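Trainee: predicted structure and sequence below. I'll ask about it afterward.
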Amino acid sequence: MAFEGLADRLQKTIQKIKGKGKVTEADVKEMTREVRLALLEADVNFKVVKDLIKRIKERAIGQEVMESLTPGQQVIKVVKEELTDLMGGEQSKIAVAKKTPTIIMMAGLQGAGKTTTTGKLANLLRKKYNRNPLLVAADVYRPAAINQLQTLGKQLNLSVFSLGTEISPVDIAKQAVEHAKKEHHDYVIIDTAGRLHVDEHLMDELKQMEESVNPDEVFLVVDAMTGQDAVNVAESFDEQLNITGVILTKLDGDTRGGAALSIKAVTGKPIKFAATGEKMDQLEPFHPERMASRILG
Ligand code: GDP
């Protein structure tokens with residue numbers, strides 16, 4: 001399971017300070033040194049770690065903690081709050097357009113889990129929020145992606161809009177929105193093409209799509225297993241598109257956690273959903289606080 005190494009190390013570190021009736025500056029220093037190493041080893045961005053440790057130290061050595069009756073526990077509370085903040089603090093909500101349909105564009109590299117996540121998100125919107133989403137197959141470069149989405153649509157009993165591969169993705173997106181209005185779909189989720197690497201042509205096309213359908217959300221789907229690469233990918237997509245949130249996939253794998261813990265701090269974009277498996281019900285809204293609790297035990 002994800003974060004195992006990080007969770008193990010942090011929990012051990014925390015145990016040492018937890019029951020202390022008195023916490024000295026040296027104790028805090030020792031703890032933050034270990035937390036720092038654990039985070040770096042989990043592939044968390046260097047600068048993110050540095051800033052986080054600075055904040056933890058400032059607060060943990062502060063009066064509030066030192067004078068509390070349970071200083072050990074106070075220190076842990078500080079670490080937990082800072083980890084939660086790092087991942088975005090509050091859980092963020094999915095947009096609802098003033099005028100239906102709400103348009104969501106899915107972007108990301110090939111293999112990140114875009115098509116699968118498109119199906120999962122539609123499933124979640126219907127089951128949890130009682131919505132009627134339309135799935136849009138706009139990945140014209142990979143005919144298998146269109147079939148994959150159609151199969152998911154059948155399996156979930158959801159409509160899939162497709163115009164084949166001989167038409168531009170921008171036109172597909174535009175026509176899909178018109179179709180959604182006619183058929184009273186309240187959400188449109190557009191699955192776009194990915195490449196193995198960020199490339200200019202792909203970005204231009206995504207930018208054109210963004211300009212022409214004016215999406216309410218542009219979700220970047222990133223593979224949590226790729227660690228710092230996921231953060232770099234997020235930065236490059238964000239330079240070109242108005243990314244509104246990140247969906248982290250493959251959190252069921254043995255990711256060390258670096259992406260989950262760095263992406264919000266580096267890009268400023270919140271993680272909105274987390275995927276934990278290949279099945280259609282394995283997508284959940286991302287809760288920073290729950291994730292921090294899971295890591296800290
Ligand atoms: P796309 O190229 O971005 O559209 O990626 P796909 O949706 O085709 O997914 C690529 C592979 O990753 C597929 O085999 C998916 O089943 C798998 N996948 C997607 N999300 C998850 C996840 O959260 N966990 C796991 N274990 N596999 C996933």
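Mentor: Looks like it arrived, so ask away.
Trainee: can you list the residues of this structure near the ligand?
Mentor: 108, 110-116, 145, 194, 249-250, 252-253, 275-278 (Cβ under 6 Å from any ligand atom). Where you see a C-beta, it was placed from the backbone N, CA and C, and this is true even at glycine.
Trainee: helix, strand or coil for the closest residue to Asp216 other than its chain neighbours?
Mentor: In this structure, Asp216 finds its nearest non-sequential neighbour in Ala95, 4.1 Å apart by Cβ to Cβ, 6 or more residues apart in numbering. Secondary structure assignment for Ala95 (DSSP: H, G, I helix; E, B strand; the rest coil): coil.
Trainee: the one 5 residues further on too?
Mentor: Using three-state DSSP, the three-state assignment for Thr100 comes out as coil.
Trainee: where in the protein is pLDDT low?
Mentor: Low-confidence segments of the chain (pLDDT under 70): 1.
Trainee: again, only this time at 80
Mentor: 1-2, 19, 21, 63-67, 69 (pLDDT under 80).
Trainee: that one: helices as residue ranges?
Mentor: 4-18, 25-41, 46-60, 63-66, 71-86, 114-129, 143-156, 169-182, 200-213, 228-240, 258-267, 288-296 (DSSP state H).
Trainee: buried residues in stretch 107-116?
Mentor: Using 16 or more other Cβ atoms under 10 Å as the test for burial, stretch 107-116 gives Ala107, Gly108, Leu109, Gln110, Ala112, Gly113, Lys114, Thr115, Thr116.
Trainee: and the contacts of that stretch?
Mentor: Residues from elsewhere that reach stretch 107-116 (Cβ atoms under 8 Å, 6 or more residues apart in numbering): 106, 139, 142, 145, 148-149, 152, 191-198, 206, 218-223, 233, 237, 241, 243, 247, 249-250, 275, 278.
Trainee: got the CA positions of that stretch in PDB?
Mentor: Output of stretch 107-116 as PDB, limited to C-alpha atoms (Å, rounded to 0.1, in the frame of the first residue of the first chain):
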ATOM      1  CA  ALA A 107      -5.800  16.100 -19.200                       C
ATOM      2  CA  GLY A 108      -2.600  14.100 -18.600                       C
ATOM      3  CA  LEU A 109       0.100  12.000 -20.000                       C
ATOM      4  CA  GLN A 110      -0.700   8.700 -21.700                       C
ATOM      5  CA  GLY A 111      -1.000   5.900 -19.200                       C
ATOM      6  CA  ALA A 112      -1.700   8.200 -16.200                       C
ATOM      7  CA  GLY A 113      -5.200   6.800 -16.000                       C
ATOM      8  CA  LYS A 114      -7.200   9.500 -17.800                       C
ATOM      9  CA  THR A 115      -9.700   7.200 -19.600                       C
ATOM     10  CA  THR A 116     -10.200   5.000 -16.500                       C
END
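Trainee: still on that earlier bit, these two touch, right, the residue nearest to Asp216 and Ile103?
Mentor: No - here Ala95 lies out of contact with Ile103, judged by Cβ atoms under 8 Å, at a distance of 9.0 Å.
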